[in-house]
Structures are given as C-alpha cells and as structure tokens.
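Enquirer: What follows is a protein structure lacking sequence information:
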C-alpha cells in the first residue's frame, strides 16, 4: 500500500500516521494538532466549518468552541508564517477555517510507509524486567516499565510487537535468547532491570538481535522517579533507531502525552500488575487503582485506557453486581482516553472491548478498525474486531481478523478465549472441522474451561461423533462453573445460534443427564 505525503513550504505531512516533517526532520505535533492539519489539508483550500473540525478532533465529545481556538493558535505558532508572510491557516469569520497554501501530494512505497506484513517487518518482544531491589512490593514497578515499553513500541507502525501475555509467560522459563525469539517468532528481544531506592531509580536496558546472538544496544539510566516519563520515550526511540534508523528519521516518534504526575503513573502500574492476575479480587483492586489515578490526574491517558479495560473484564467474567453502571464507566473512560491520546491503538482497543460488552457491536467494529489503522501489526485490534463481528452475527467476517490476531499473537496464555470465538465463527460459517481444530488449540491453553469443552461437544455432535460429544459434555459437567464465560453478548445478539448450540449440547448429554445449570448457551 502506498502512503500519501502532503508537502507545503518546508513541511511534509504524512496523513496516515500524523507525522509532520520540517526539512525532513520530525516536528513535535500533538495528536489534536495532527487531526486538525489532516482535515484542513484534505479540504484543498476549501473552508472547513468549526463543527466539522471539532468532530474530527474530539469525536463523540461535547467541547467548548474555545478549545478549537486554542488548538488552531498552537498549530499556527508551530507552522510559523507562510512563504508569502501570511498565515497558513486563515480564519473565515463566523464559519470556520481554511488552509491557505497549496499542498503538493506525493506517494511513498510500502518500505517507508510501515505497512509491510508481519513476516517482512521487524518483530520485537519486551521481556519482564528484573527487580534488583528484591522487594516484592516493587515488583509491579519492574513489570510496569516493561508494559510501558510494549505500549510505546506499538506506536511505531513498522514494528510487530509481541503481546504482553506472550512475553511475560517466559518469566520463569529458560532465558536463552535464541530459543525465546524462535518461540515468540521475533527478531529482537528487550530485557532489563530496575532498582529503586527512595525517589531515585536505575533502569538498565538491553536490546539484542536474538538470532545473531549479538547485542545491538544497551544503556542504563540513573534518574529521579519524576523523570521516568521522558526516559521511557527515550528508550523506545533508541530501540527504534537501532533497528530502523531510516524509518525513524522519516516518521518520528509518536510520543505519548505525559503529565509528569508520578503518583498517578505509579497507581496505574500497581493497577496493571493486579489486572493481569485475572481474578475477581485483583480486577476490583486494579479498578480502584485506576480510579484513583484518573481522579488524581484526569489527563493521564493510561489511567482511562485501563479503567475502560478493567470494567469490560468485570462484565465479561461475570464479576460485577451492576453491569450497566460498570459498562457506562468503561465506555466513558474509553472515550476520554481517545480524546487524550487519539493515536494510541490501545485507546481504541479499550473502546472496542468495552463496546463489545455493552451491546454496542457496531461501535466496537469501528473502534477495532481504527486501532488496526494505527497499528497494522496490533494483534489485540484484530482479535477484538473478530469478536465484535461475531457478536454482531457476522461469523464469516469474524474468521479472518481472529485468525490474523492469533497469527500475530500465537503464544499468549489468554488465547483460549480468542480460539473459542474462532471456533464459533468457523462453526456458524459452515466449517465445523475447522472449528474442532481451533478447539484443540484452545484446549492446550485452557483445558479446564467448561464453556470451551461444551463448544467442543457441540461441534462433535454436529458431525455425528456422539461418543466424543458425550465425553466433552461430561468433562464439562465435572468442572466447577465460573461466574461468567465471556460469551454473554454472543448469546444475546445471536439467539438462533445459541438455541442451536443448546440443542446440540442436550443431545450430547443424552438428555437423561442434562442439567439446566450447564446450559451456557441460553440466556443467564
């Protein structure tokens, strides 16, 4: 795919990723400024109304018109005077704004556009950092630094970044770089260590070309904890520069907006540490940390992203006493995250996942598609797109993104849920044998999940494999029932499909042993 560049004066704007270059050097353009500039340039000199600009910059949000004036003023200051001495952005009284100068359109090939497929683009994994202090209470900080680097590297469109779950699953295993890289399907590995003493921290980082067994770059940083924001971006930029220096020069670093509030940042790290333990208690504890961080620092994007994700998780797993209230909190947090950091694929993923679990499948599809536009190798974006399409009743359309997401993220311990969705997508698009293949992969990750075993039973029953179907149904009935199975929206949105599965399950249980308590495909 080619990438469009719009050149004016000494500037070049790459609309696809919001990167602005002046004399071929990146300019620090914020997400809202990039959105404004993209709309104005696309109008080709025509007037753009204030309402259209506000919809582009603050989608779905009601904001004061003065916010637009502030952003226009900041963009004018950044661009400076036009070649004729006037303004690049002209005010049209009582209507809106227009871009005054001509913008020459150019195209660039895929090598510089960052659109290469995963097989041809660099792939990188960030391993858990070591906590050198030995203080268990600081372990969340070591994991948080690695989490931050994963999210920062995801902003580089030409990287494929292994998921957090896949990387962290190697926490206690052998640390041989070559074997880890082969297992994760990556070229480069990042690892490191932290030591915190009072308000000071040392961060050591090591980047290795795993297949060559060679160190590419290593560094250590001695800093005040308050300086950690800038250091994270510096580390991400150094890693990118070591791997693809030409692409970094052309496209620049999409820096995450930081506020400098260390306490809020620390609360988010504690929240994510608990979130990834995936229990009701730790999810509720994580939400408390995210809420405190959001209250303390309302403009910290990560606090809102994680607040949205944890509420979606509470609903999905059946760990909430008030799904309507939690859904509203999660949805509002996701919209706030996009407002604060519109070019972060994780923000749009957060909106997609919470929309999927609050009956907004169409909104989930749009948000998932946007996350993929921002990160073409972002596995979670593909996975949630497949989920949303399945929840909306499009089984055939769900297969490709779910398959792609699992290809990009094959080793995540949480993949059983995604494989289960792929099973259902294949089953209801007529590929029952393929559904069983997906089920086998899912069982390797989660052999004790009753919902998964019952879907397997239904697939076997549909193929006439009565003995196998009865075996899986019986195995499921012997397991303790979890609070939720994450399939609620599937059942609600696809009642005929759910009824068909329920009939097959009853047949697999030979009806004489059927139990209403095991009917996971009917409504709760």
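Expert: Looks like it came in fine. Quantities reported herein were computed from a predicted structural model and do not represent experimental measurements. Residues are numbered from 1 along each chain as shown.

Enquirer: so what's the backbone phi/psi at residue 300?
Expert: Residue 300 has phi and psi values of phi -90, psi 110 when expressed as degrees, to the nearest 10.

Enquirer: Check whether it really touches residue 264, as I assumed.
Expert: Yes. Residue 300 lies in contact with residue 264 (CB atoms under 8 Å); the separation is 5.1 Å. From N, CA and C alone the C-beta is placed, and that goes for glycine too.

Enquirer: any common contacting residues for the two?
Expert: Shared contacts of residue 300 and residue 264 (CB atoms under 8 Å, 6 or more residues apart in numbering): 293-294.

Enquirer: ok, residue 33 - how many residues close by?
Expert: By the criterion of other CB atoms under 10 Å, residue 33 has 20 neighbours.

Enquirer: Quick check: it is in a helix.
Expert: Yes. Under DSSP: H, G, I helix; E, B strand; the rest coil, residue 33 falls within a helix.

Enquirer: and it, what does it touch?
Expert: By CB under 8 Å, 6+ apart, the contact list for residue 33 reads 71, 74-75, 78.

Enquirer: ok, now how distant is the residue lying closest to residue 191 once chain neighbours are set aside from residue 325?
Expert: When the adjacent residues along the chain are set aside, residue 191 lies closest to residue 127, with 4.3 Å between them (CB to CB, 6 or more residues apart in numbering). Distance from residue 127 to residue 325, counting by CB to CB, to the nearest Å: 38 Å.

Enquirer: Between the two, which has more neighbouring residues?
Expert: residue 127 (20 against 11).

Enquirer: got a list of what residue 68 touches?
Expert: Counting by CB under 8 Å, 6+ apart, residue 68 has contacts 50, 53-54, 57.

Enquirer: Mind doing that once more with 10 Å?
Expert: Applying CB atoms under 10 Å, 6 or more residues apart in numbering, one finds that residue 68 lies in contact with 32, 36, 50-51, 53-54, 57-58, 96-97.

Enquirer: Same question for residue 59.
Expert: 35, 335, 338-339, 342, 370.

Enquirer: Centroid-nearest residue for the protein?
Expert: residue 346 (3.4 Å; CA atoms, centre = their mean).

Enquirer: What does it show for phi and psi?
Expert: Per degrees, to the nearest 10, the backbone of residue 346 is at phi -70, psi -30.

Enquirer: Compute the distance between it and residue 73, please.
Expert: 30 Å.

Enquirer: Residue 206 is in contact with residue 218, isn't it?
Expert: Yes. Counting by CB atoms under 10 Å, residue 206 does reach residue 218; the two are 4.5 Å apart.

Enquirer: Who has more neighbours out of the two?
Expert: Using other CB under 10 Å as the criterion, residue 206 and residue 218 rank with residue 206 on top: 17 against 13.

Enquirer: Reformat the contacts of residue 68 as a markdown table; add distance to residue 223, secondary structure and pLDDT.
Expert: Output for these, formatted as a markdown table (distance: CB to CB, whole Å; DSSP: H, G, I helix; E, B strand; the rest coil; pLDDT from 0 to 100):
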| residue | distance to residue 223 | secondary structure | pLDDT |
| --- | --- | --- | --- |
| 32 | 29 | helix | 78 |
| 36 | 34 | helix | 88 |
| 50 | 43 | helix | 88 |
| 51 | 45 | helix | 86 |
| 53 | 39 | helix | 88 |
| 54 | 39 | helix | 86 |
| 57 | 34 | helix | 82 |
| 58 | 34 | coil | 81 |
| 96 | 45 | strand | 88 |
| 97 | 42 | strand | 90 |
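
Enquirer: buried subset of those?
Expert: If you count burial by 16 or more other CB atoms under 10 Å, the buried members of the contacts of residue 68 come out as 32, 36, 50, 53-54, 57-58, 96-97.

Enquirer: got the residues you listed as JSON lines, with distance to residue 289 columns?
Expert: Output for the buried ones among the contacts of residue 68, formatted as JSON lines (distance: CB to CB, whole Å):
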{"residue": "32", "distance to residue 289": "28"}
{"residue": "36", "distance to residue 289": "34"}
{"residue": "50", "distance to residue 289": "39"}
{"residue": "53", "distance to residue 289": "36"}
{"residue": "54", "distance to residue 289": "33"}
{"residue": "57", "distance to residue 289": "30"}
{"residue": "58", "distance to residue 289": "27"}
{"residue": "96", "distance to residue 289": "42"}
{"residue": "97", "distance to residue 289": "41"}
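
Enquirer: what's near enough to touch residue 166?
Expert: 125, 183-186, 379, 408-415.

Enquirer: Could you check stretch 360-375 and say which residues are buried?
Expert: 360-361, 363-375.

Enquirer: tell me which of the residues you listed is nearest to residue 491?
Expert: Each of the buried residues of stretch 360-375 was checked against residue 491 using CB to CB; the closest is residue 361, at 13.0 Å.

Enquirer: Once you drop chain neighbours, what's closest to the closest one?
Expert: That would be residue 392: by CB to CB, 6+ apart, it lies 3.9 Å from residue 361.
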